[in-house]
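predicted model and sequence follow; I will ask about them next.
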Amino acid sequence: MKRASRKRTAALFLITLIFVLALFGLSVLQNNDYNRMQHSKVFEGAALFASEPEREDGVWVSAVPRSSTWGKVFDFNNEGLTENNYQAYIYDFFVSNNTDDKVEDYSFKLEFSRETYLASAWNGALEIHQNVRTGERTVTVPDLRSFNAEQYSLDTFRVDGEDFVAMGAGDYLIYYPSGAENALEVPIEAGKASTPGIILYVEMGSDIEESSLELHYKFNRRLTGDPLFWLSMGGAAIWLIALIIVVITSSQIKRYADRHERDNEIINESIETFIGFIDAKDPYTNGHSKRVALYTRLIAAEMGCEGEDLDRIYYVGLLHDCGKMGVPDNILGKPGRLTAEEFEIIKSHTLRGSEILSSFKSLENVGQGARFHHERYDGKGYPEGKAGEDIPLIARMICVADAFDAMNSDRVYRKRLSKADIIREIKTNRGTQFDPKIADVMLALIENGKIRLPE
């Protein structure tokens, strides 16, 4: 994987991780806000008083009276009454949690619509509010079952040695559930109910079913109950799977790249060894093949080639003169003018090279460089007399690189040319011997110093 690609992948993973973490943080904040929120509901009439507990969705309260009741004589004016004139009611207040969350805490306010006397209550404390002439009297009784009127400044009435708390119309109590182990009224688990109870007395033939109850409660939702949490966990799982895939893939790509690099080194060393035999035949052109390959690669890079294409072009450039293996040494090293017959033998190295490389299948078009690098753009070259763009592009590149190295090297029949002469020759042969576009690329490489020449 290339460095730029690795950076893009790393940046993408970082951004995705930040997004997933932000989503998780948002789920935490949202869940905390939800748990801090105070919920309220008001119940009255038939919605509150029923013979069976309601099974409504959400958090619900049903005040269910027990069937067994009894009466007492409330003789307020000491008239000697003997018949029961007040009836007792036992109410079980079913606080039902019909949600998927835990009810962490709750309380309810029960406001009476008529005169009522509280006898007992369990599983919680009562905050009693009585309207008196001086305003409102508020007293908290932790457990009404052990109520002692002498300990509290409340309006009470005593019957048969028992103290009752007097509640007039408009008076109310606030019930706070107990969390003691023997009560376990809070918290209320999902699908469960808490059941505080109250015993009270009202006038015979009456009830408290016109009273109203206001419920206040908070949830304790687990973080796993928040949809955003699972969304963030899903994102984290996908991120982790993608990371594992990328790591495994990158490891495989790296192994492939390492193997590819080793293969290229073997190919390069094998080709350069072979080229060494060619250059050894003519000490005056020693290193020529490698220099031509380097120049050809520079030209190709300037023309937009990259990656493995540049490697392939380099190898084709290295092998462009391999056909010289079949040319006699006395002709290659002849210092004087070649005869027509000798020149034909020299020209045959293009075809010999193409034949030698015909079985080299691992490099695409490897034989084109050897066969066509002496073709001319104007069609006057050899071996086939191809012209213009009928000549393969790689051969046109090698043609310019080969001629340039020849001009820039000492030969048996002359010394190297000066920089000015080389530039002049390239310009003169632009469009005749050389592809004009490739000639311009070579001139630019010389001008900008990428290919350096002695003055």
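Ah, there it is. Remember, predicted model here, so these are calculated numbers, not experimental data.

so how far is the first residue of stretch 315-330 from its last?
28 Å (C-alpha to C-alpha, to the nearest Å).

distance from stretch 293-307 to the middle of the chain?
Relative to the chain's own centre, stretch 293-307 is displaced by 39 Å; criterion: C-alpha atoms, centre = their mean, to the nearest Å.

which parts of it are buried?
Ala293, Leu294, Tyr295, Thr296, Arg297, Leu298, Ile299, Ala300, Ala301, Glu302, Cys305 (16 or more other C-beta atoms under 10 Å). (Each C-beta comes from the backbone N, C-alpha and C, glycine too.)

now stretch 311-329
The neighbour-count check on stretch 311-329 (16+ other C-beta under 10 Å) flags 311-324, 327 as buried.

next one: stretch 384-393
Those would be Lys386, Ile391, Pro392, Leu393, for stretch 384-393 by 16+ other C-beta under 10 Å.

give the contact list for the nearest residue in space to Asp410 that is not next to it in sequence.
Taking C-beta to C-beta, 6 or more residues apart in numbering, and ignoring the residues beside it in sequence, Asp410 has Arg416 as its nearest neighbour in space, at 5.3 Å. By C-beta atoms under 8 Å, 6 or more residues apart in numbering, the contact set of Arg416 is Met407, Asn408, Ser409, Asp410.

count the residues that sit near the last one.
The one in question is Asp410. Taking other C-beta atoms under 10 Å as the criterion, the count of residues near Asp410 is 10.

and it, what pLDDT?
Looking at Asp410, its pLDDT reads 76.

please apply the same query to Thr285.
Confidence score, pLDDT, at Thr285: 61.

any low-confidence regions in this structure?
With pLDDT under 70 as the threshold, the chain has low-confidence stretches at 1-2, 51-55, 68, 179-184, 279, 281-285, 412-413, 454-455.

mind naming the longest helix for it?
helix 227-280 (DSSP state H).

now the helices for the stretch 301-450 of the chain?
308-318, 329-332, 340-347, 349-356, 366-372, 393-407, 419-428, 436-447 (DSSP state H, counting those that start in this stretch).

dump those to TSV, plus distance to Glu214.
Below are the helices of the stretch 301-450 of the chain laid out as TSV (distance: least, C-beta to C-beta, whole Å):
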stretch	distance to Glu214
helix 308-318	78
helix 329-332	111
helix 340-347	109
helix 349-356	100
helix 366-372	91
helix 393-407	88
helix 419-428	99
helix 436-447	88
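
and Ile198, that one's in a helix?
No: assigned with DSSP: H, G, I helix; E, B strand; the rest coil, Ile198 falls outside any helix and is strand.

numbering from 16 from now on, please.
I'll keep to 16 as the first residue from here, and by that count the last item is Ile213.

separation between the nearest residue to it once chain neighbours are set aside and Asp241?
Among residues not flanking Ile213 along the chain, Ala136 sits closest, at 4.6 Å (C-beta to C-beta, 6+ apart). To Asp241, Ala136 is 36 Å away according to C-beta to C-beta, to the nearest Å.

what about these two, which has more around it?
Legend: neighbour count by other C-beta under 10 Å for Ala136 and Asp241, higher for Ala136 (23 against 19).

list the contacts for His54?
By C-beta under 8 Å, 6+ apart, the contact set of His54 is Val74, His231, Tyr232, Lys233, Phe234.

if we use 10 Å, what do you get?
By C-beta atoms under 10 Å, 6 or more residues apart in numbering, the residues touching His54 are Gly73, Val74, Val118, Tyr121, Leu230, His231, Tyr232, Lys233, Phe234.

equivalent analysis for Lys430, please.
Lys430 sits in contact with Ser424, where contact means C-beta under 10 Å, 6+ apart.

give me phi/psi at it?
phi -90, psi 170 (degrees, to the nearest 10).

returning to that earlier point: in TSV, list the buried residues of stretch 308-322 along with secondary structure and distance to Phe91.
Below are the buried residues of stretch 308-322 laid out as TSV (DSSP: H, G, I helix; E, B strand; the rest coil; distance: C-beta to C-beta, whole Å):
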residue	secondary structure	distance to Phe91
Ala308	helix	121
Leu309	helix	120
Tyr310	helix	122
Thr311	helix	121
Arg312	helix	116
Leu313	helix	117
Ile314	helix	119
Ala315	helix	115
Ala316	helix	112
Glu317	helix	114
Cys320	coil	111
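
quick check: the farthest pair among those residues?
Ala308 and Glu317 (15.3 Å; C-beta to C-beta).

how is this protein divided into domains?
Listed domain ranges for the chain are 53-237, 296-462 (source: automatic domain parsing).

and the longest one, how far out from the chain middle?
To tie it back to what came earlier, the one meant is domain 53-237. 54 Å.
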